[in-house]
Each structure stands twice: as structure tokens, then as C-alpha cells.
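In: 3D model of this:
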Amino acid sequence: MQRRALLAALATLPAATVAGCGARGGQISDRSFRICDFDSDCGRRAPDPGGDPVIERRPESREITIYGAMYVGSGSCDRAVLESARVVDDALVVHVGVGRQGMFGFGAVPSPGCTADMSVDRYRVRVRFRSSLPASVCVVEDAAWDPEP
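Out: Below you'll find the predicted structure:
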């Protein structure tokens with residue numbers, strides 16, 4: 001797997017932009033992760049696989065939403081998973097990786113057969129804060145394959 005860090009500064013106004021690092025803000029109060037259907041609103045907001053995640057800032061609700069897409073490997077066995085979301089050095093740092101889905105859920109018992117395709121998961125990460133939002137965000141995707149050489 002290749003690790004790809006997507007960095008870019010975010011504007012302080014609420015807007016959709018690309019991922020970046022270096023922030024000031026409060027502590028995380030809640031976080032959620034969802035795999036999006038391709039034709040859903042969530043799926044349409046996600047970039048093409050390998051593209052920079054889309055970041056939406058909502059200071060009035062103290063929330064940052066990240067839409068991304070990444071290659072995860074087998075469509076029958078592998079899924080994108082939220083590995084971590086935390087504030088580090090005044091930056092929101094989000095790690096999204098690949099998890100193996102077993103017969104009884106992720107990692108429990110391996111599935112008897114996985115397809116040999118390279119599938120894409122579109123995802124949404126929502127992070128809420130107790131106080132103000134960080135000024136920037138860093139998203140690290142540990143994808144099964146990176147289309148960028």
C-alpha cells in the first residue's frame with residue numbers, strides 16, 4: 001500500500017476546498033464515518049479516486065465534513081475504514097485506511113473467497129468539535145492502490 005498525504009491550506013471562511021495541514025481549534029466531541037453509495041448525494045460530493053478529498057467547514061455547527069474516494073482492493077472483502085481523527089499540533093489529522101471484511105464483520109474470520117477486482121469506496125467523515133474549528137485539516141489515505149505514480 002502507498003501512503004498519500006494530501007496537504008493544502010484551508011481558508012478560514014466556510015467553504016468546500018481540498019485537504020491541508022496546520023490548524024488552531026478545539027477538541028473533538030464526536031466523529032462518524034460512512035461508506036457512500038455511488039449515486040447518493042454523499043457519493044456525488046466525493047472526488048474521483050486519487051483526487052484530493054473535499055472538505056466542508058461549518059463553523060456555526062462546529063463541524064468539518066470530508067468527502068473522499070480511494071481504491072480499497074477486493075469489492076467483496078475490503079472496505080475503507082476510519083483509522084483515526086484527532087487534533088495534533090493544532091491541526092485536524094484524519095487517517096483513512098483499508099479494512100478487511102470477514103464473514104462476521106471486519107477482521108473476524110476471513111471470507112472464503114474474495115473477488116480479484118480493484119474496487120473504489122467513496123466515504124464521508126464528519127467531525128464535531130466542542131469549541132472552534134481548526135483552521136486547517138490534513139487527510140492521509142492509505143489506499144490499496146494510488147493512481148498517481
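
In: If we ignore the residues flanking it in sequence, what's nearest the most centrally placed residue in the chain?
Out: When the chain is reduced to its mean C-alpha position, the nearest residue by CA atoms, centre = their mean turns out to be Val96, at 4.9 Å. The spatially closest residue to Val96, leaving aside those adjacent along the chain, is Glu141, at 5.1 Å (CB to CB, 6 or more residues apart in numbering). Quick note: C-beta positions are derived from backbone N, CA and C, even for glycine.

In: Looks like the one you found contacts Glu83 (just checking).
Out: No - taking contacts as CB atoms under 8 Å, Glu141 lies outside contact range of Glu83: 10.1 Å.

In: Give me the common contacts of those two.
Out: Taking CB atoms under 8 Å, 6 or more residues apart in numbering as the contact rule, Glu141 and Glu83 both touch Val96, Gly97.

In: who has more neighbours, those two?
Out: Glu141 (27 against 14; other CB atoms under 10 Å).

In: What are the phi and psi values at the more buried one?
Out: With angles defined as degrees, to the nearest 10, Glu141 sits at phi -110, psi 120.

In: Report the beta-bridge partners for it.
Out: Beta-bridge partners for Glu141, by DSSP bridges, are Arg4, Val96.

In: how close does it sit to Ala91?
Out: According to CB to CB, to the nearest Å, Glu141 stands 16 Å off from Ala91.

In: try Ala135
Out: In terms of CB to CB, Ala135 sits 8 Å off from Ala91.
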